[in-house]
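generate a structure from the sequence data that follows.
(4 chains)
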2 protein chains.
Amino acid sequence: MPEAHLTANPELPINRLLQIAVEVFAEHGFRDATVRDICARANVNVAAVNYYFRSKEGLYIEALTFAFAEINKHHSYEAAQDSSLPPEQRLHLFINYFLNKLLDDSHLGVQGKLISREIAEPTKALDIIIAKAVIPQCTVLEDIIGRLLGGRADKITLQRCVMSILGQCLMFKHSRSIIDRLFPEAIADQAAIQASAQHIAVFSLAAIKQLNLATESPL
Amino acid sequence: MPEAHLTANPELPINRLLQIAVEVFAEHGFRDATVRDICARANVNVAAVNYYFRSKEGLYIEALTFAFAEINKHHSYEAAQDSSLPPEQRLHLFINYFLNKLLDDSHLGVQGKLISREIAEPTKALDIIIAKAVIPQCTVLEDIIGRLLGGRADKITLQRCVMSILGQCLMFKHSRSIIDRLFPEAIADQAAIQASAQHIAVFSLAAIKQLNLATESPL
DNA sequence: AATCATTTAAAACAACTGTTTGATACCTAC
DNA sequence: GTAGGTATCAAACAGTTGTTTTAAATGATT
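As a prediction, the model looks like this:
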């Protein structure tokens, strides 16, 4: 398995394979995707998969990490990490970033789809994802909420709020099929997505503020 | 495909097949599940699947609707529909019902897993699910939120709140693999699940009340 | 008891899967 | 130019899949 030029010429068979593999695995899942299909679309001989990646699973893992590299190129939550900003604004920034990333079908949709597929039906590669992408984002969100609560909340409450916010966003990814059929207006265009992000932020901010009152007043 | 005795003797091969099929499809998904595996576990000849259900897909659809019948036998949201109760209490009841249904691994876990698998990766059978289970539940939740908002909210806001609440609950199902690794305490036992449901209800109620204020005061 | 449709059984079929093989083309370095 | 490693290819391999076939067993009806 030659290690060579992963970032080099994108026309090389090995790079075409990676790119197409992301698409096909995202579309069909690991099992339903066939190496013959991937190779055909990439204009590469079937043997190339085993030559370059040792096996179908090897290709899958490489495609997964490649998808991460690509997705982080285009969306970043750097602004949400700026601790000099008020936490309310940071929350808006974070939700906006996260929802847009989840729903961006244009050039990152396939990568996102591949990743959330892995979450819904984990293979051995899941731990890589959690360490590389999930934990850092959770940490940022936890920091924001912690500041909103003024450091008054215990760890478990903090985590529950993180889950509440992530859950509202992930709904748009994992239950996309239902959204498409019941609430298509919520993601009809970029403005609608913006409005949905706005709703989640307002909804969550209101809830957190209320928790804040509840924990400080009764004492 | 003989129509006979679906509800009759559970020892008949056709009923054993249905029951086992739910388990196996839930465990492996439609594609990864093999009819040979299902038949072996059900102590039935391989040909039985095609004899009774015409095809593997036929068995899948029957298993899916069978799973619904089973799951609705054990959990009901009747109490949450009682419009004589205060909507706050109804919201608690609904979330409690919904989250418990999603997380109940004991006797309904397989059915729930099969259903959420279908949502994450829809086959042609999805529309059956949406009509039979999703829409009725959304309607109830929408009614509760409508009352909480005192009929002041427009349709789209109502739907967004529905999604916010469902999202928080579904997180525990669709991102279960992540919860298991990052927030295992949140679903450690029955008491923890209860507490998680409590959090979602309080969190959402606070947010809705706040929306309520926001829409009535500025005018 | 004989006839009939229904059900179960074992075996084979045909298609598709990931993978390997062995031969051929390519291209660099001497 | 040629030797030697790298890359590509068509073809075949070995295993699994859903499905079909053919035949035997079953059980009710006449």
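
please export the C-alpha coordinates of the strand or helix carrying A:T139 as PDB.
Taking DSSP states H and E as the definition, one finds A:T139 inside helix A:135-148. The C-alpha coordinates for helix A:135-148 follow below in PDB (Å, rounded to 0.1, in the frame of the first residue of the first chain):
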ATOM      1  CA  ILE A 135     -15.500  16.000  21.500                       C
ATOM      2  CA  PRO A 136     -13.900  19.300  20.400                       C
ATOM      3  CA  GLN A 137     -17.300  20.700  19.400                       C
ATOM      4  CA  CYS A 138     -19.000  19.500  22.600                       C
ATOM      5  CA  THR A 139     -16.300  21.200  24.600                       C
ATOM      6  CA  VAL A 140     -16.800  24.500  22.900                       C
ATOM      7  CA  LEU A 141     -20.600  24.300  23.300                       C
ATOM      8  CA  GLU A 142     -20.200  23.300  27.000                       C
ATOM      9  CA  ASP A 143     -18.000  26.300  27.600                       C
ATOM     10  CA  ILE A 144     -20.500  28.600  26.100                       C
ATOM     11  CA  ILE A 145     -23.400  27.200  28.100                       C
ATOM     12  CA  GLY A 146     -21.200  27.300  31.200                       C
ATOM     13  CA  ARG A 147     -20.700  31.000  30.800                       C
ATOM     14  CA  LEU A 148     -24.400  31.500  30.100                       C
END
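
what's A:A120 in contact with, if anything?
For A:A120, the contact set (C-beta atoms under 8 Å, 6 or more residues apart in numbering or on different chains) comprises A:174, B:117, B:120-121, B:174-175, B:177. For glycine as for every other residue, the C-beta is placed from the backbone atoms N, C-alpha and C.

run the last query once more with 10 Å
A:A120 sits next to A:29, A:173-174, B:116-117, B:119-121, B:173-177 when contact means C-beta atoms under 10 Å, 6 or more residues apart in numbering or on different chains.

mind putting these into TSV with secondary structure?
As requested, these are arranged in TSV below (DSSP: H, G, I helix; E, B strand; the rest coil):
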residue	secondary structure
A:G29	helix
A:K173	helix
A:H174	helix
B:S116	helix
B:R117	helix
B:I119	helix
B:A120	helix
B:E121	coil
B:K173	helix
B:H174	helix
B:S175	coil
B:R176	helix
B:S177	helix
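
the lengthiest helix in chain A packs against which elements?
With DSSP state H setting the assignment, residue counts place helix A:190-216 as the longest helix in chain A. Based on contacts counted as 3 or more C-beta pairs under 10 Å, 6 or more residues apart in numbering or on different chains; DSSP states H and E, the elements that helix A:190-216 packs against are helix A:87-103, helix A:135-148, helix A:155-174, helix B:155-174, helix B:190-216.

these into JSON lines, with extra columns for distance to B:A69 and mean neighbour count?
Listed next are the helices and strands packed on helix A:190-216 as JSON lines, based on distance: least, C-beta to C-beta, whole Å; neighbours: other C-beta atoms under 10 Å in any protein chain shown:
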{"stretch": "helix A:87-103", "distance to B:A69": "34", "mean neighbour count": "22"}
{"stretch": "helix A:135-148", "distance to B:A69": "38", "mean neighbour count": "18"}
{"stretch": "helix A:155-174", "distance to B:A69": "25", "mean neighbour count": "22"}
{"stretch": "helix B:155-174", "distance to B:A69": "20", "mean neighbour count": "22"}
{"stretch": "helix B:190-216", "distance to B:A69": "24", "mean neighbour count": "18"}
